[in-house]
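Chemist: with the sequence up front, the predicted model follows.
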Amino acid sequence: MTSDAAAYPPHARHADDPVRVAALATALVAAVTLAGVWFFELVLDIRPCPLCLQQRYAYYLALPLALAIAFAATRGAPRSLLIAGLAILALAALANSSLGAYHAGVEWKFWQGPTDCSGPVVDLGSAGNLLERLDTVRVIRCDEVQWRFLGLSLAGYNVLISLSMAAIAVWGMAAPRRA
């Protein structure tokens, strides 16, 4: 009995599948990144601005999609379907890196950010509850950096992380499947 199934146990056959490896690596990066942003928010009390929250959407998409792709790869799904899933991951990560670069540019004052988080406050509500609202509202501005490490803000790190996720997904699409 010298068939591939007998020669290679199932875990060994799947370990060399670049699609599965790329999907699992992308899921891991997304999970660690989300854990990191929640740590910054809940433990270190660094609150996200509206652009920060938008940048999380790509990770909320990537984590379950990447796990689904990895699962489908182990179940023998058609390669074209797996490649399409990785392409969606790569496009989402590239779009997210663009959003992160835009946000970093707003922080560095290269360009104006959205008016809802970096422009003047326009709607103050009624005069009767203005003082009450000022005591309870904490405005997080998109154009003010709350934390930097090695010269990069969290938006800058998002660019690097998103580009690495896109590169992993593209590698998974391009790498030949090993027999």
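Modeler: Arrived safely. Residues are numbered from 1 along each chain as shown.
Chemist: for this protein, what spans make up the helices?
Modeler: Remark: helices assigned in the chain by DSSP state H are 4-7, 10-15, 18-42, 50-74, 79-107, 115-118, 130-136, 154-174.
Chemist: if I look at the most centrally placed residue in the chain, how far off is Lys109?
Modeler: What sits nearest the mean C-alpha location of the chain, by C-alpha atoms, centre = their mean, is Tyr59, with 3.3 Å. According to C-beta to C-beta, to the nearest Å, Tyr59 stands 27 Å off from Lys109. C-beta: built from backbone N, CA, C; applies to glycine.
Chemist: repeat for Arg75
Modeler: Noted for Arg75: a distance of 50 Å to Lys109, by C-beta to C-beta.
Chemist: send the alpha carbons of stretch 152-166 over as CSV?
Modeler: C-alpha atoms of stretch 152-166 as CSV (Å, rounded to 0.1, in the frame of the first residue of the first chain):
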residue,chain,number,x,y,z
LEU,A,152,5.1,55.3,14.5
SER,A,153,1.5,55.7,15.8
LEU,A,154,-1.0,52.8,15.9
ALA,A,155,-2.2,53.9,12.5
GLY,A,156,1.4,53.5,11.2
TYR,A,157,1.7,50.1,12.7
ASN,A,158,-1.7,49.2,11.1
VAL,A,159,-0.2,50.0,7.7
LEU,A,160,2.7,47.6,8.3
ILE,A,161,0.5,44.8,9.7
SER,A,162,-2.0,45.1,6.9
LEU,A,163,0.7,45.1,4.2
SER,A,164,2.2,41.9,5.8
MET,A,165,-1.2,40.3,5.8
ALA,A,166,-1.7,41.1,2.1
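Chemist: which parts of it are buried?
Modeler: Neighbour-count burial for stretch 152-166, with 16 or more other C-beta atoms under 10 Å as criterion, is recorded at 152-159, 161-163, 165-166.
Chemist: closest one to Ala23 out of the residues you listed, please.
Modeler: Nearest to Ala23 among the buried residues of stretch 152-166: Met165, at 10.9 Å, using C-beta to C-beta.
Chemist: please consider this matter closed, and thank you.
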